[in-house]
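J.: Got a sequence here, can you build the structure:
(chains A and B)
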Number of protein chains: 2
Amino acid sequence: MPHLNETHDPQLTSWVASANDGRTDFPIQNLPFAIFRRQGSSEVWRGGVAIGDQIVDMAAAVQAGMFTGDALAPAQAAAESSLNHLMGLGPQRLSSLRKALSKALQTGASQETALKACLVPQAEAEYHLPARIGDYTDFYTSVYHATNIGKQFRPDNPLLPNYKWVPIGYHGRSSSIGVSGQAFKRPKGQVKPPNAEVPALQPSARMDIELEMGVLVGQANALGDAVPITEAESHIFGLVLLNDWSARDIQPWEYQPLGPFLAKNFASTISPWVVTMEALAPFRAPFSHPEGDPQPLPYLSSAANSAEGGLDIQLQALIETPAMRAAKVPPAAFTRTNYRHAYWTAAQMLTHHTVNGCNLQPGDLLGTGTLSGPTLDSACALIELTTGGQNPVQLPGGETRTWLQDGDTVILRGWCEKPGAVRIGFGECVGTVLPAAA
Amino acid sequence: MPHLNETHDPQLTSWVASANDGRTDFPIQNLPFAIFRRQGSSEVWRGGVAIGDQIVDMAAAVQAGMFTGDALAPAQAAAESSLNHLMGLGPQRLSSLRKALSKALQTGASQETALKACLVPQAEAEYHLPARIGDYTDFYTSVYHATNIGKQFRPDNPLLPNYKWVPIGYHGRSSSIGVSGQAFKRPKGQVKPPNAEVPALQPSARMDIELEMGVLVGQANALGDAVPITEAESHIFGLVLLNDWSARDIQPWEYQPLGPFLAKNFASTISPWVVTMEALAPFRAPFSHPEGDPQPLPYLSSAANSAEGGLDIQLQALIETPAMRAAKVPPAAFTRTNYRHAYWTAAQMLTHHTVNGCNLQPGDLLGTGTLSGPTLDSACALIELTTGGQNPVQLPGGETRTWLQDGDTVILRGWCEKPGAVRIGFGECVGTVLPAAA
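T.: Got it, this is the predicted structure:
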């Protein structure tokens, strides 16, 4: 488990003034990583670290000789065109780099002048996926989501008997994962309403989101070597926001017996900034199953996982419709939740994934599944919020939505805050539904 | 659809004598591609083409100036350390390369002396995966397998109503795919027998195989662009043998509602030699659904798919137990089938996969699913052959198997033969079950 070190000191401020306003997602205590370049340029993609409204260009900073000693190798890895190498170095080297970055960005740091020359404003940047995602696995860790969805897909049998024993997961599609800003065509697929004789190929009329966190794997485990729960977090690099777009009319017809497929794999969107597990250390939370539920099997249990396996991350999904955009109405939140509601922790997901010897690699993505909370207004998909399309969500300006319409943009936000710690955030994960292909 | 050209001429022979014996998998009409190097060496991995019992070292052949004109670019791609680039070039350039290889390897070819210096005996080679497999999707195209399995997992509801409309598929795990020769530890997982109160973590006691073909994707489609059925085969590079190892006691407890996960992703094995769609052209077969079954929806139908969407590939699974190995008893076939029995063609799998805009990339792997035929002795998994472990398979020397034991090696073989054409084959796909981790 990560512990607090000098990078978490709430008294720290940065010579980058925008990092100190108490509202930014990116104070000096956060230091998340992304892959970026200047918008519209043909510059090479390289790693960057967010500080306030700026980005530390890691390629430029390494070039300028800003890193030495233990921080040099991870800094060089963070300057590459993807973060896979950095992720694979493991938490100690990452920690060395965070300490060096924290020192160099602190108010009064001797590196201020040199490092200032390595800053790029976030407003001028565009982002790439932070890593080559070899494999993407999506879990199902909200018991509220599993129950809400189960009621609609299997009214007589909403929560299956394995749910409270197995961190249920399935493989997703890597090739169609995009970074925030992704716009994708509404998918077509076979749809068969219950009263239809035969299915038909048509554009999905039930476009939905799933508000999730994405866990990016750090150091690898070899094929055949399970990762014990006590070591699981040392294999996690950090977290992003994840929107697992879903076509709810394609899903019920195709998903049995092998699981969701074309209802999901047309697009998945993640936020560009990877917030490291170390940065999240102040926001750990106790974790337990509700009283009366079975205790996890021993391979999924540890004292540390119980003491601080949870993560107190506040999450929000907002929508901006074409009408709102035209009227300059700001995006409206339509649901709010917290990652603490998950039934299985990130460590449990990772350990379960490897218990059979499956090898995880740096940059692999583990989705948490839709993070619906215990109440209807904390449900994290329209299928839940609208009870299967029956009760439209009210939007500013009198609009309503049961499902997403063409041109709708969905924005995910996430952040951590609590007394005695400096607020940190994830930035945004933005995606837009385009009309189906002709 | 591919058509016959001069590379298929059954009269062709090669100056590599072992290619002409009528029994080899690799006559001059085949020319499959692999990634290889000399066994136990630290040579770079590079592409090779099988001819008889030899390999044309493509890196050496390119270096020796054996390729010019239209064949040069694909030959250079075939010399790389993975075939992804070659796969992405599309069927026309591949065809140019095949024509050049066919000419250079023909009896009497002027290139004989120069190319002979580029041969490496297969007996001295080791193989790598032929491509970086970005995404692996496994289909379920044998209606016999779906029905046999369905009877055991859902006795009241064996074949689900979507089966005859949707080419059912789901995402698999890329990282644990290995090349023939793979040996893997018996997986552990949560198992809950129907009469047990709670599940337990234990080594799988029901290790099984699935005999499949693997379709390797050629040229890419962009995200959002569906591939029409009439163009699907131009996006297929070639086929391999695929063993989708399965843990039948982990599967029933974990697979609902999102599909198989840890029961499958500990290992999947493919054969090293990729037999191109062009090489398979003489072995095309008519394709149709049984009378009385629904016709495929229009997006899954084409005249060419009906006329020759099928592939007449004979398939066999053999076992070699430790006792057989000790007694020098040759591996024994325990099932035989044919790819013609599939309910959906390779083109239908590919088109269905992209109908929602999902992007496929060169080197992606599409498994056909277990290719069980219509009779029990053509079932392609032990779960079917033994009716769920009830009726052991008899092996030479008096041994029996319901499920695989530690040290068992399974060998898949595949080949095509018919009057008027030269037999071509796929080589072998070999894998061994090791004891579970301590």
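J.: what's the burial count for whichever residue of the stretch 151-300 of chain A sits closest to chain B?
T.: Going by CB to the nearest CB, chain B is nearest to residue A:259 of the stretch 151-300 of chain A, at 2.5 Å. For the C-beta atoms, the positions are set from N, CA and C on the backbone; glycine is no exception. Neighbourhood size, residue A:259 [other CB atoms under 10 Å in any protein chain shown]: 26.
J.: which parts of the stretch 301-438 of chain A sit against chain B?
T.: A:352, A:353, A:355, A:356, A:357, A:358, A:359, A:360, A:361, A:364, A:434, A:437 (CB under 8 Å from any CB of the partner chain).
J.: Next, the contact list for the last one, please.
T.: Residue A:437 is in contact with A:185, A:188, B:224, B:225, B:226, B:357, counting by CB atoms under 8 Å, 6 or more residues apart in numbering or on different chains.
J.: again, only this time at 7 Å
T.: Shown in contact with residue A:437 (CB atoms under 7 Å, 6 or more residues apart in numbering or on different chains): A:185, B:224, B:226.
J.: any idea which of these is closest to residue B:417?
T.: residue B:226 (35.7 Å; CB to CB).
J.: isn't there a helix covering the closest one?
T.: No - using DSSP: H, G, I helix; E, B strand; the rest coil, the secondary structure at residue B:226 is coil, not a helix.
J.: where does residue A:410 fall, phi/psi-wise?
T.: With angles defined as degrees, to the nearest 10, residue A:410 sits at phi -110, psi 140.
J.: wouldn't it be in contact with residue A:243 here?
T.: Yes - the criterion here is CB atoms under 7 Å, and residue A:410 meets it with residue A:243 at 6.4 Å.
J.: who has more neighbours, the two?
T.: Set side by side, residue A:410 and residue A:243 show more neighbours around residue A:243, with 27 against 24, by other CB under 10 Å.
J.: do you know how far that one is from residue A:236?
T.: To residue A:236, residue A:243 is 20 Å away according to CB to CB, to the nearest Å.
J.: Likewise for residue A:116?
T.: Relative to residue A:236, and taking CB to CB, residue A:116 is found at 32 Å.
J.: For those two, indicate the residue with more neighbours.
T.: Legend: neighbour count by other CB under 10 Å for residue A:116 and residue A:236, higher for residue A:236 (24 against 12).
J.: Now the nearest residue to the more buried one once chain neighbours are set aside: phi and psi?
T.: Excluding the flanking residues, the one nearest residue A:236 by CB to CB, 6 or more residues apart in numbering or on different chains is residue A:277, at 5.2 Å. Backbone torsions for residue A:277, taken as degrees, to the nearest 10, come to phi -60, psi -40.
J.: Tell me, how many residues neighbour residue A:277?
T.: Neighbours of residue A:277 using other CB under 10 Å come to 25.
J.: which residues touch the residue of the stretch 151-300 of chain A closest to chain B?
T.: Neighbour list for residue A:259: A:170, B:170, B:258, B:259 [criterion: CB under 7 Å, 6+ apart].
J.: leaving aside the residues next to it on the chain, what's closest to the residue in the stretch 301-438 of chain A that chain B sits nearest to?
T.: Going by CB to the nearest CB, chain B is nearest to residue A:356 of the stretch 301-438 of chain A, at 3.6 Å. Residue nearest to residue A:356 in three dimensions, not counting chain neighbours: residue B:187, with 3.6 Å by CB to CB, 6+ apart.
J.: And that neighbour, what's its pLDDT?
T.: Residue B:187 is assigned 98 on the pLDDT scale.
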